[in-house]
Each structure stands twice: as structure tokens, then as C-alpha cells.
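Asks: Quick one: sequence and predicted model below, then my questions.
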Amino acid sequence: MKTARYATSRQKACQQCSVAKARCDRKERCCSRCAQRGLTCLYPHSTSTSAPSSTTSITSTSSASKPQSQSQLQSQTQTHHSHTHTTTPSHIPVFVDSSDPSPIPSFSRASGGSLPSPERDELSPPGVTQDPATPSVHPGFADHSPISFSAPAATRAEWPVAQSLDGPASVPEFFDFSNLDLICPITPEDISNRWLNAYIPIPGQSVKNYPPTVAAFIYRLLKSYTGMAVHGRGFPPFVHTAQLTAQGPNPQLSSCLSIIRICDKPLPGSENVTAEIMQREMNNLFEQRDTYDHLALLSAFQAYLMYTMVLYFRLSQGLSPFLRQAMMNLQELACVTARQGLMCVAEQQRTRPKWESWIIAEASRRTLFTMYLFDSVLSSEDGLPTFLGIELEGLPAVSSKTLWFAQSRRDWETAYNIYLAVWDEGLFRINELWPIPESLEESVVARRRQRVDSWLEDLDEFGTMLYAVTSCTHGE
């Protein structure tokens, strides 16, 4: 039997860079691009089994007129099935029709997958279904959208795992965000009234004087959060993957992640039109805030925050009166979200909570911390003082990256048991990053620094950023 011309793949780049059509430096263990994005770096096999499925059809066609033995037929059948059920580099199991010469979607970008956008639905071929509940995973998944294929089979979101391309796909996790056991350990009304602090002094307020370098650092980091979503490189680190892989729909967040893609390479002069579209979406989110459940309310809060940051960082709406009103509405949404719960009851009791409850609580706290940082950016631009968020005292700080990026329920529960053993004296609180009172004894200060050291040992980039801001502002 004559071997096809390209039976052996000539691909040199890893699978992630190949799908994204990005340059790959082909490092031995993991290329720089995959290492930077936290992706699983896999290189193609050099055997003929890694050739495209079209190779199988060519081989079988060229030899159709010749008699074949039973072993040859079985070999071709096995080869056909091995290419029909494949696992993409985005960790999404798909069923690809071997007769389709181009099963990979044409909307692939640097993120390694396609993203929802207003023009995508119009350009999709007829008969192609799009599964709205198939987002990718952060950080292993580089975008947040369903991927459309020519094959009629459905796709399912899956946690990123280190596995070969020919290995079996792992079973995806399903999340149930009903019956969450959450509490609010702070006074949420103080959050909604925060914008008044600059005009009406409140007893106990402490002014935060950010050094210019720290203010610039916060500005650039928050701007990068909007950039990664606008350019389709993922979603900000205050959004948990499970929010987009839940069984029920999440229109607040998914619509936001689609709409802000308009800002990627916008047409000249279209900024005002784009801003009007986002402002309408923001008004709808705010008006419906009393109708949301836990997950929808958190998603609305996060979407409103992302819209506001896109207006400021991408559409130059910093001087717009709407942006000032949007910040007041954002703080009201934060208040309503906090009222529904910022902490698990089990966290307060030093036991292991339900995974879904912890996800909502942790994502809510991260979003709240991000809003406070963004508020300080706007206050600095307006020449207003920035105050320490004393109303957040007692809230747990950012949790470990092991918990945040857990790939399965079993992994998360195991990691949380270890987490409880490490923090047997109580969870690390956000106020432990604030200035150390002068009245504290040296032994207490030493113990506090030990807790900070333990907390720093297992942080993701969001927690590291938070520590950098507080440490450079308040000192150790």
C-alpha cells in the first residue's frame, strides 16, 4: 500500500501554538508561550497515526480497487476511529467528521479557540450548532467561549489535564450553585456608601497614599485584565472557571465577554457607538439586580465591573459623567452581592465547605478587591483622596492557587483539607496586609509576618499583585 505524501506530520510547533497560529520556540519540556499562559504543552507524534484524518481516507481510496485482507481492513478501521474521536489542545473532547478537511474553526486566535462575537453568528455556516455551555477554562483554557465545529456532535467543557492526544478524555465536572451556605461577616451598606467618603468624613477613616509607582502599577494591571478579555486571551483572575461551566446558563457574564470583544481592533470613530452599547447593557444589569440568584448576581457584578473598566481603559470615557454614575451603581451592586454572602459558614467554623459555595464566596471577594483598586484609580484621577477599606476588615484574603485552580472536586477537597491544617489558627484575613498597629507586641508582629509568609507560598498572580500593592504602600 502506497504511503500518503504527508503520512508523517511535518508540524514542529506544539499543539497550542499550532492551533493559535502563533510562533513556538519549541523548548523541550514546555514552550515559552504555553508556560506563560499556564497551558498544557504537547508536541505532535512523529508516527503516521498523528496524521490528519484525511490521510486515512486518501489511503483507503487509492487502494479501494485492490483486495484487502481482514487484518488490513481492521487496521484501517482502527486508524479511522482513532482520528474520529480526538482531543483538541483546548482540552475539549470533540467528535470530528473525518470527511471534513478542516474541522478546526477559522476563528482561532492567539487564545487557542474561537470567541463569541456579534459577527460570529452571522458567519457561521448553516446547520452548525453552538453549545452555549462550552467555555474554556482559566488558566489552562485561553478563552471563554463555545467553539463551533462542522461535526453535528456536541462538545463539553473539561478541566485541563496533562494527557496525551491519543489518551482518553477525563470526565468533566458539573456544578450546582443552588442551596449555597453563605454569610456576610461585614456591613454591606458601608460598601454602597463608599463614594461618599471623599465628601463626608467618617470617623476612623485612614487615607491611603499610593506612591506614584504603585498607582501606575495598579493602573497597568487593571488595564491588562480588560485587555485579556477584549483580545480573547481569557478572562480576569476574579472570574472562576466554574461560573461558565455550570449546568444552567450564565447570560450576564457570557454576554459581557462577547460584547467587549467589539473593542478588539475597532473601526476608527466607533468608540462612542461601542460605549453606548455597553452602557445599555450596564443599565439592564443594574435594573434587574433584585431578580438574580447567587450566581447570576455575582456574574452581573463582575460583568458591570468589566464594562466599567473597558469604558475607562479602552474607550477613553474617563471624563464621562456616565462613568461616575456607573461607579456608584457598581458599589450598589457590590453591596447587594455582599449581602447575599461573602464567606461560607464552613469557613467561619473552620470546616470544609461545599465546593460551589466556596467558589461563589472566593470569586465575590476577588471581584470586591478589584473594584476597590479600580475605585482608587478613578479617585486619583479626580484628585480625590483614597481611603483604606476598613469596612472589609475580617474578610478572608485571596485563597491559594491550589484551591482556585483545582481540576476536580476530589482534588479541591484534598487541597482544602491540607489548607485547613495549615491555617488551623484561622484563615488569613485581608486586614493582616494593612499597616501594623504600633501597639502590637513584638511576638504578635513576628507571628503576623509568619502568617504572611505562609500565605505567600501558594498564591496566584492576583494574590501576588494584591500583596505587592499593600506591601509597597503600607510596608511589611
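Replies: Everything's here; your move.

Asks: Give me the buried stretch members for the helix ranked longest in the chain, please.
Replies: Secondary structure assigned by DSSP state H gives helix 355-381 as the longest helix of the chain. Going by neighbour count (16 or more other Cβ atoms under 10 Å), the buried part of helix 355-381 is 355-380. Just so you know, the C-beta spots here come from the backbone N, C-alpha and C atoms, and that holds for glycine as well.

Asks: and the end-to-end length of stretch 398-408?
Replies: 20 Å (Cα to Cα, to the nearest Å).

Asks: Might you list the low-confidence residue ranges for this protein?
Replies: 1-10, 45-172, 247-248, 476 (pLDDT under 70).

Asks: 50 instead, please
Replies: Confidence mapping of the chain against pLDDT under 50 gives the ranges 6-7, 46-170.

Asks: how does it divide into domains?
Replies: For the chain, the structural domains run 15-60+74-114, 182-474, going by automatic domain parsing.

Asks: Rebuild these as CSV, extending it with distance to Phe174.
Replies: Output for these, formatted as CSV (distance: least, Cβ to Cβ, whole Å):
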stretch, distance to Phe174
domain 15-60+74-114, 15
domain 182-474, 6
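
Asks: just the strands in the stretch 151-300 of the chain please.
Replies: Here the stretch 151-300 of the chain has its strands, by DSSP state E, counting those that start in this stretch, at 182-183, 207-208.

Asks: Could you check how far the first one is from the centre of its chain?
Replies: It stands for strand 182-183. With Cα atoms, centre = their mean, to the nearest Å as the basis, strand 182-183 stands 23 Å off its chain's centre.

Asks: Give me the sheet partners of that strand and which way each runs.
Replies: Take DSSP bridges as the rule and strand 182-183 pairs in its sheet with strand 343-344 (antiparallel).

Asks: Which residues outside the strand it pairs with are in contact with it?
Replies: Residues from elsewhere that reach strand 343-344 (Cβ atoms under 8 Å, 6 or more residues apart in numbering): 181-185, 353-354, 357-358, 361, 365, 395-396.

Asks: Just flag the most distant two among those.
Replies: Lys354 and Leu395 (19.2 Å; Cβ to Cβ).

Asks: what about the two, which has more around it?
Replies: Remark: of Lys354 and Leu395, Leu395 carries more neighbours, 22 against 19, as counted by other Cβ atoms under 10 Å.

Asks: so how far is Leu333 from Pro321?
Replies: 19 Å (Cβ to Cβ, to the nearest Å).

Asks: more crowded one of these two?
Replies: Leu333 (27 against 8).

Asks: Go through the domains of the chain and name the closest to Glu173.
Replies: domain 182-474 (6.0 Å).

Asks: So what's the residue count around Gly341?
Replies: For Gly341, using other Cβ under 10 Å, the count is 20.

Asks: Enumerate every residue touching the spatially closest residue to Thr337 that is not a sequence neighbour.
Replies: Nearest non-adjacent residue to Thr337, counting by Cβ to Cβ, 6 or more residues apart in numbering: Phe301, 4.7 Å away. Going by Cβ under 8 Å, 6+ apart, Phe301 touches Leu330, Leu333, Ala334, Val336, Thr337, Ser364, Thr367.

Asks: Among those, name the ones in helices.
Replies: Among the contacts of Phe301, DSSP H puts Leu330, Leu333, Ala334, Val336, Thr337, Ser364, Thr367 in helices.

Asks: isn't the fifth one right up against Ser364?
Replies: This means Thr337. Yes - at 5.7 Å, Thr337 counts as touching Ser364 under the criterion of Cβ atoms under 8 Å.

Asks: any residues in contact with both of these two?
Replies: Contacts common to Thr337 and Ser364, judged by Cβ under 8 Å, 6+ apart, are Leu298, Phe301.

Asks: Tell me which residues are up against the strand or helix carrying Tyr467.
Replies: Following DSSP states H and E, one finds Tyr467 within helix 461-474. Contacts with helix 461-474, where a contact means Cβ under 8 Å, 6+ apart, come from 208-211, 213-214, 217-218, 221, 237-238, 366, 369, 373, 397-398, 401, 433-435, 452, 455-456, 459.

Asks: Next, the angle helix 355-381 makes with it.
Replies: 40 degrees (axes from the mean of the first three to the mean of the last three Cα atoms, to 10 degrees).

Asks: buried set for helix 461-474?
Replies: Neighbour-count burial for helix 461-474 [16+ other Cβ under 10 Å]: Phe462, Gly463, Met465, Leu466, Tyr467, Val469, Thr470, Thr473.

Asks: got it, and stretch 314-333?
Replies: Using 16+ other Cβ under 10 Å as the test for burial, stretch 314-333 gives 314-315, 317, 320, 322-323, 326-327, 329-333.

Asks: Neighbours of Arg23, how many?
Replies: Neighbour tally, Arg23, other Cβ under 10 Å: 11.

Asks: That one: what secondary structure?
Replies: coil (DSSP: H, G, I helix; E, B strand; the rest coil).

Asks: In this structure Ala215 contacts Leu378, no?
Replies: No - here Ala215 lies out of contact with Leu378, judged by Cβ under 8 Å, at a distance of 11.5 Å.

Asks: Between the two, which contacts overlap?
Replies: Common contact partners of Ala215 and Leu378 (Cβ under 8 Å, 6+ apart): none.

Asks: List the residues that contact the closest residue in space to Arg339 that isn't next to it in sequence.
Replies: Ranked by Cβ to Cβ, 6+ apart and with sequence neighbours excluded, the top spatial neighbour of Arg339 is Pro188, at 4.5 Å. Counting by Cβ under 8 Å, 6+ apart, Pro188 makes contact with Ala334, Cys335, Val336, Ala338, Arg339.

Asks: Helices along the stretch 251-400 of the chain, start to end?
Replies: Along the stretch 251-400 of the chain, the segments classed as helices by DSSP state H, counting those that start in this stretch run 251-259, 271-287, 294-313, 321-340, 345-348, 355-381.

Asks: got these as a markdown table, with distance to Pro201 columns?
Replies: Listed next are these as a markdown table, based on distance: least, Cβ to Cβ, whole Å:
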| stretch | distance to Pro201 |
| --- | --- |
| helix 251-259 | 36 |
| helix 271-287 | 28 |
| helix 294-313 | 26 |
| helix 321-340 | 18 |
| helix 345-348 | 32 |
| helix 355-381 | 15 |
